[in-house]
Structures are given as structure tokens and as C-alpha cells.
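Colleague: Pasting the sequence and the predicted coordinates here, then a few questions.
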Protein chains: 2
Amino acid sequence: MKVTNIQSLKNILSDKGYKLTKARENTFSALLSPEPQSMATLIAKSQDKVDRVTMYRNIDLFEKLGIVNRIYVGWKYKLELSDNFMDHHHHLSCLSCGKVIDIEDEQHINEFIKSVTDKFSFTPRHHQFEIDGFCNVCSKSKKS
Amino acid sequence: MKVTNIQSLKNILSDKGYKLTKARENTFSALLSPEPQSMATLIAKSQDKVDRVTMYRNIDLFEKLGIVNRIYVGWKYKLELSDNFMDHHHHLSCLSCGKVIDIEDEQHINEFIKSVTDKFSFTPRHHQFEIDGFCNVCSKSKKS
DNA sequence: CATCTAAATGCAACAAAGTTGCAATTACAA
DNA sequence: TTGTAATTGCAACTTTGTTGCATTTAGATG
């Protein structure tokens, strides 16, 4: 089931016996963003609306329900609405200047995931694919 | 340069003006393991030999020098000696029972990395590729 | 091999991130 | 409208990571 608005959020929750609360609506709103966000950002965006502890608990719940994904960009994890709702991207991250380049070859990655999960009868729900290194500019100027 | 023993560790360090200290030797020893380890594990293994703070500082340094990689398995990061030294594996992690399956199709992944980094003249140093979902056993018994 | 010094360490104190127990509140089924 | 299990917010706590500083040490130099 796709999470595209508050009603479908409610459906997912009540389907498993969870309630749609004000805190969960606000948690969901905070997640609406084109970029993955840190826990600290989500908490800051929702201050006065959602308690810190409740935010942690609801993000955990959303993750269990497949509503959000935790991805690792650089050093820390960030949160984004799941693949059903938002496009999931992969990146090349430059260790020197921090530039992030989008890999756009989704199809190739998806085929590969299918081949490897089929082999083990594994049902994939989320994946990460991130490459660190040096961008074209920094490769040239790299002191070694 | 490959890190295969204390001497080559020393070479890498002194090459950049860093010293090979007892703490760094012990940090390196703690890293020798077939599995990636958490910071907490490394600290515990080295207690009485390396201070917690020093461990953090040296792991940071080793990462800058390309001696260790930080990878994300499940929820938390773990540390492992770099690709030069240890084989780097990729996994299918079951969200239900926690089972971890090794993906062995390194060649395919490496080709894909080459094709995508070539496209952007990007010099890769490390990558992560992890898939979460449900293993064959848990897929069947999954309550939905 | 003795000396010198920048680099590295350990300690204490702190800051940030995440967790737990519990009493008060709320969604929603009947 | 009411009853109640689920959820929340709060306070207190644990774990994880960071900073400043006085002391120690690796290793370069004579």
C-alpha cells in the first residue's frame, strides 16, 4: 500500500492495529521533503508538536511498517519516506569536497537486486548503495 | 599500499608524518577479525590498553588514511580493515530474524561500480551495498 | 645513545543521541 | 457517549562521541 497522504497513512496504521494520532500526523509531515533528513532535523521541525521521545518511537514504528527508510549518507543516517512514496536515489560522495552525485542507473541496480535476492528466495524491502571516493576535481588535486 | 602487518602500518603512518604508537598497534590488533566490529566492541577488546578517547581518535585517523572502513549493517555502523586488507562483503539482512546472508557476486558489483564511476571520472575508494528484507523462512511466516 | 620536541595519550568534564518507566491523555470501537 | 488499550510527554538515565589540557612518548638529530 502506498503512503501518499494522511488517509493512506491511517490505513497502514489501522491495518496493523495502530492509531493515527496528532503526533504521527506531524511526524509524517516533517518527513515530507525532497531530501533525507537527520533525526535532529525532524525533531527541530516538530518541536512543540511532537516530543523528542515520541519522535524516536514513531520513526521506529514507521520503519517497522515500511513507511520510512534509514539511509547512510557520509557518516550519519538520515530518514526518508520509503521507496513507495519517494524515489530512492544512490550517490557518489566525494570524501574531499563533500560533493554528492546522483547515480541514475536505477534499472541496472534493480535488476541486480532481483537476481541476487531471487537466488536466496529473499524478499527485499530496502537497499543501500553508496560509493565514497574522490570526484573528478579532487582526484586531480589530491595530495598523496 | 597494503596494510598486512605492523611494519606496513608503520609505513603508511610515517609516510604522512604520523607515529606508530602502542595505542595504534593495539587499535590495529583489535581490528583483526573476520567480521566488522562495533566501536563498543573495539573499545572493550582494548580496555586497559587503549583509552576510549584515543580509540575514537585513531579510528578516525585510520579512516582518513584508508586503513579502515565504516560500514552499515542493520542499524549501526561497524568497522573493518579496508578493502586492501580484508575482503569486503555485501549482505542480505533479514529484518525479522536478523539473519545475514553473504552476497558473493563481487565481480558483478565491481563492474557496475566501474561503469558508474567512469561515467563521472570519479575515483572510488569504498562502497556499501546492503539489502534489507525478509529471508525465505520469515517471508513465509510473515504476518501481514 | 642521549637529547629534544612535536605528536600522541589519558583523564576529566562535557555534549549529543537514544532509551526506559510511568502517570496522564487520547483515538476510536462498541 | 463511554470504556479502554494505545499513545503521549516528562523526568531521569545510559550510551556514544567530543574537547581542552597536562603528561608522556616516538623517533629524528647530533
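Modeller: Structure's in. What do you need?
Colleague: give the contact list for residue A:27.
Modeller: Taking Cβ atoms under 8 Å, 6 or more residues apart in numbering or on different chains as the criterion, residue A:27 is in contact with A:42, A:46, A:50, A:54-55, A:58-59, A:62. (Glycine included, C-beta is placed from N, CA and C.)
Colleague: likewise residue A:28?
Modeller: Listed by Cβ under 8 Å, 6+ apart, the contact partners of residue A:28 are A:3, A:6, A:9, A:62, A:67.
Colleague: pLDDT at it, what is it?
Modeller: Reported pLDDT at residue A:28 in the predicted model: 96.
Colleague: so it is in which element?
Modeller: Per DSSP states H and E, residue A:28 falls inside helix A:22-31.
Colleague: With just CA atoms, put that helix into PDB.
Modeller: Below are the C-alpha coordinates for helix A:22-31, written out as PDB (Å, rounded to 0.1, in the frame of the first residue of the first chain):
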ATOM      1  CA  LYS A  22      -1.700  14.000  16.000                       C
ATOM      2  CA  ALA A  23       1.900  13.200  16.800                       C
ATOM      3  CA  ARG A  24       2.000  10.700  13.900                       C
ATOM      4  CA  GLU A  25       0.500  13.100  11.500                       C
ATOM      5  CA  ASN A  26       3.100  15.700  12.500                       C
ATOM      6  CA  THR A  27       5.900  13.100  12.200                       C
ATOM      7  CA  PHE A  28       4.700  12.300   8.700                       C
ATOM      8  CA  SER A  29       4.500  16.000   7.700                       C
ATOM      9  CA  ALA A  30       8.000  16.500   8.900                       C
ATOM     10  CA  LEU A  31       9.200  13.700   6.700                       C
END
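Colleague: Of the contacts of residue A:28, which belong to helices?
Modeller: A:6, A:9, A:62 (DSSP state H).
Colleague: hmm, back to that, so which pair among the contacts of residue A:27 is furthest apart in space?
Modeller: Greatest spatial distance in the contacts of residue A:27: A:46 and A:62, 13.4 Å, computed using Cβ to Cβ.
Colleague: of the two, who's got more company?
Modeller: Neighbour count, other Cβ atoms under 10 Å in any protein chain shown: between residue A:46 and residue A:62, residue A:62 has more, with 23 against 19.
Colleague: That one against residue A:70, yeah?
Modeller: No. In this structure, residue A:62 is not within contact of residue A:70 by Cβ atoms under 8 Å, at 10.2 Å.
Colleague: Around the closest residue to residue A:56 other than its chain neighbours, count how many other residues there are.
Modeller: Nearest non-adjacent residue to residue A:56, counting by Cβ to Cβ, 6 or more residues apart in numbering or on different chains: residue A:39, 7.4 Å away. Neighbours of residue A:39 under the rule other Cβ under 10 Å: 16.
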